[in-house]
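> Make a model of this:
(one chain, ligands or ions: 2)
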Amino acid sequence: APMIEARGLTKRYEPARSERRLARRGEPTSEGTLAVDDVSFTVEEGELFVIMGLSGSGKSTLLRMLNRLVDPTSGSLQIGGQDLLSMDDGQLRDVRNSTINMVFQHFALFPHRTVRENAAYGLQVRGVPEKERLERAQTALDTVGLGQWGHVRPQELSGGMRQRVGLARALATDAPVLLMDEPFSALDPLIRRDMQDLLLGLQAEMRKTIVFVTHDLNEAMRLGHRIMVMRDGRVVQLASGAEILAAP
Ligand code: ADP
Ligand code: ADP
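Ligands and ions are numbered 1, 2, ... in the order given. The predicted model follows:
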């Protein structure tokens, strides 16, 4: 069975409040923004699935619907065989703790905590006892090549190293699904390549199911087992990198 099964996912952002006031007076308004329009796809367990498209094409909205940071207007969504859209807040919290982890472009690392404590943060919010979470954070830091840096503060690290702390934070939790929203876009090209290599290695080793959003074709081609291309909220192509290169 696929790890993620999305059917007809749609998100319409409502018009701004100022426009709703116009609407009540019967004046013309926009209909809001149809950010994601009837998108269906499945992601297999252990797949690295890339969502690619220009800015404004709906990638981020789609990714956020996968853990219900954004609630779909319509559609259905199963993750790990669970129906995400019928869950109440408590169930949602559980599934975010156990199954789905999100990695953003700009990690909020705590400046006054050590790198190891920062890497352990995802476990702290999940209620893991301190000794265990620091051990697991250390293992995750070892995995991303920062084993020696656990005791320093984030500001002593470079941007690329800080991004690896964020990755370690996500890896430490054992969640089988990782949602990544342009995690490397702010990095220098060379460091970005290192991070891509690191992610590919980790993914092969840990068999995580990863949904990775990027606007960068090279990054998509390097990382994606399959690439879903979006434009104006719709899927315009869903294929392997080789097939996309071969397309007319
Ligand atoms: P990025 O494209 O790097 O994610 P944006 O500047 O597009 O950053 O968006 C930043 C935040 O603003 C996001 O949370 C996004 O959902 C929200 N946002 C984007 N466009 C709009 C909009 N037209 N109206 C209200 N919020 C928006
Ligand atoms: P991408 O990630 O591909 O840049 P987004 O999902 O951020 O695309 O945005 C898709 C569309 O939805 C854009 O037109 C954006 O302005 C709009 N949008 C995004 N977030 C919001 C929001 N919170 N409120 C209103 N419109 C939004």
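
> mind exporting the helix or strand of the chain with the lowest mean pLDDT as CSV, just the C-alpha atoms?
Sorting the helices and strands of the chain by mean pLDDT, DSSP states H and E puts helix 17-24 at the bottom, at a mean of 75. Provided in CSV are the C-alpha atoms of helix 17-24 (Å, rounded to 0.1, in the frame of the first residue of the first chain):
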residue,chain,number,x,y,z
ARG,A,17,-11.9,40.4,5.2
SER,A,18,-11.9,43.7,3.4
GLU,A,19,-13.3,41.9,0.4
ARG,A,20,-16.0,40.1,2.4
ARG,A,21,-17.2,43.5,3.5
LEU,A,22,-17.5,44.6,-0.2
ALA,A,23,-19.4,41.3,-0.9
ARG,A,24,-22.0,42.1,1.9
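
> quick one: buried residues of the following helix or strand past it?
Per DSSP states H and E, the first helix or strand lying C-terminal to helix 17-24 is strand 33-43. Residues Leu34, Ala35, Val36, Asp37, Val39, Phe41, Val43 are the ones in strand 33-43 that count as buried (16 or more other CB atoms under 10 Å). C-beta: built from backbone N, CA, C; applies to glycine.

> that older thread, how about the least confident helix or strand of the chain, does it get close to ligand 2?
No. Helix 17-24 stays clear of ligand 2 (CB under 6 Å from any ligand atom), getting no nearer than 11.2 Å.

> Please identify the helix or strand for Glu117.
Going by DSSP H and E, Glu117 is part of helix 115-119.

> likewise Gly75?
Judged by DSSP H and E, Gly75 forms part of strand 74-79.

> quick one: contacts of that strand?
3-10, 38-39, 65-66, 83-85, 95, 99-100, 177 (CB atoms under 8 Å, 6 or more residues apart in numbering).

> Please narrow those to those residing in strands.
Ile4, Glu5, Ala6, Arg7, Gly8, Leu9, Thr10, Asp38, Val39, Asp83, Ile100, Val177 (DSSP state E).

> Run through the chain and note the low-pLDDT ranges.
29, 105-107 (pLDDT under 70).

> Who are the contact partners of Arg153?
Pro111, His112, Arg113, Thr114, Val115.

> Quick check: the gap between the fourth one and ligand 2.
Distance from Thr114 to ligand 2, counting by CB to the nearest ligand atom, to the nearest Å: 33 Å.

> The third one too?
Taking CB to the nearest ligand atom as the measure, Arg113 falls 30 Å from ligand 2.

> mind checking the SS state of that residue?
coil (DSSP: H, G, I helix; E, B strand; the rest coil).

> Phi first, then psi, for it.
phi -110, psi 160 (degrees, to the nearest 10).

> For Gly53, name its beta-bridge partners.
Met230 (DSSP bridges).

> quick one on the thing from earlier: can you pull the buried residues of the helix or strand just after the helix holding Glu117?
Toward the C-terminus, helix 115-119 is succeeded by helix 121-124 as the next helix or strand (DSSP H and E). By neighbour count with 16+ other CB under 10 Å, helix 121-124 contains the buried residues Tyr121, Gly122, Leu123.

> With distance to ligand 2 as new columns, can the residues you listed be given to me in CSV?
Compiled in CSV, those are given as follows (distance: CB to the nearest ligand atom, whole Å):
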residue, distance to ligand 2
Tyr121, 25
Gly122, 23
Leu123, 29
